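*Asks:* Requesting a structural model of the entry that follows:
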Amino acid sequence: MIEWLSWLEESSLADFVRNSGPYTYGIVNLFHVFGIALLFGAIAMLDLRLLGLWRAIPVATLARPIVPMAGIGLVLALVTGFVLFCIQATEYYYNPFLYLKLGALVLGIVNVAALHSSASWRAIERAGGSTTGRGRLALGGAISLLCWITVISAGRMIAYW
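*Replies:* Numbers count the residues shown, from 1 in each chain. Predicted structure coming up:
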């Protein structure tokens, strides 16, 4: 594993970011933060709705613009996160917060996939709202919030290890 991380750290991508000027790393980091903000801002709104807030707004109405926005944020955060990881890959290998972040990230993505493939979610999409499966949707929203808060918190703690 450490050999692969060394290769990654010496890759042309990592070399480009390290040697292309004083602002390149900062710009990549800035876009990583934008991706996280876009993802979490959207996800938090939807998850809180699944937990029962703003009942007057149908979940389907809220989900229609939020789900694609969260997807864009996720892709932006993943791509820029990978670039940032490449810069110091061998150092991150020993950082326990990296593993906490990656575990919560995988669990968050699996939770989203499970939630969106559930019968309760399909009922919401079909009917614009559903009274069945509300407990499962609330559980999915709670797990999602916990995962993404953990991803953000562990990601921030990586810098302090």
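*Asks:* which one is the residue nearest the centre of the chain nearest to, not counting chain neighbours?
*Replies:* Closest residue to the average C-alpha location of the chain: residue 74 at 5.0 Å, with Cα atoms, centre = their mean. In space, and not counting its chain neighbours, residue 74 is closest to residue 39: 5.1 Å by Cβ to Cβ, 6 or more residues apart in numbering. Using the backbone N, CA and C atoms, a C-beta is placed for each residue, glycine as well.
*Asks:* Starting from the helix or strand hosting that neighbour, tell me the next helix or strand along the chain.
*Replies:* Per DSSP states H and E: residue 39 is located in helix 24-50. Remark: after helix 24-50, the chain's next helix or strand is helix 59-87, criterion DSSP H and E.
*Asks:* residues of stretch 50-65 that come out buried?
*Replies:* Within stretch 50-65, the residues that count as buried by 16 or more other Cβ atoms under 10 Å are 50-51, 58-60, 62-63.
*Asks:* same check, this time on stretch 115-128
*Replies:* Residues 115, 120-121, 123-124 are the ones in stretch 115-128 that count as buried (16+ other Cβ under 10 Å).
*Asks:* how about residue 80, what does it touch?
*Replies:* Residues in contact with residue 80, defined by Cβ atoms under 8 Å, 6 or more residues apart in numbering, are 28-29, 31-32, 35.
*Asks:* PyMOL command to pick out the buried ones of the residues you listed?
*Replies:* To isolate the buried members of the contacts of residue 80 in PyMOL, using 16+ other Cβ under 10 Å:
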select buried, resi 28+31+32+35
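*Asks:* Show me where the chain dips below the pLDDT cut-off.
*Replies:* 127-133 (pLDDT under 70).
*Asks:* make it 80
*Replies:* 124-134 (pLDDT under 80).
*Asks:* Need the contact partners of stretch 41-53.
*Replies:* Stretch 41-53 has contacts (Cβ under 8 Å, 6+ apart) with 54, 57, 59, 62-63, 66-67, 69-70, 73, 137-138, 140-142, 144-145, 148.
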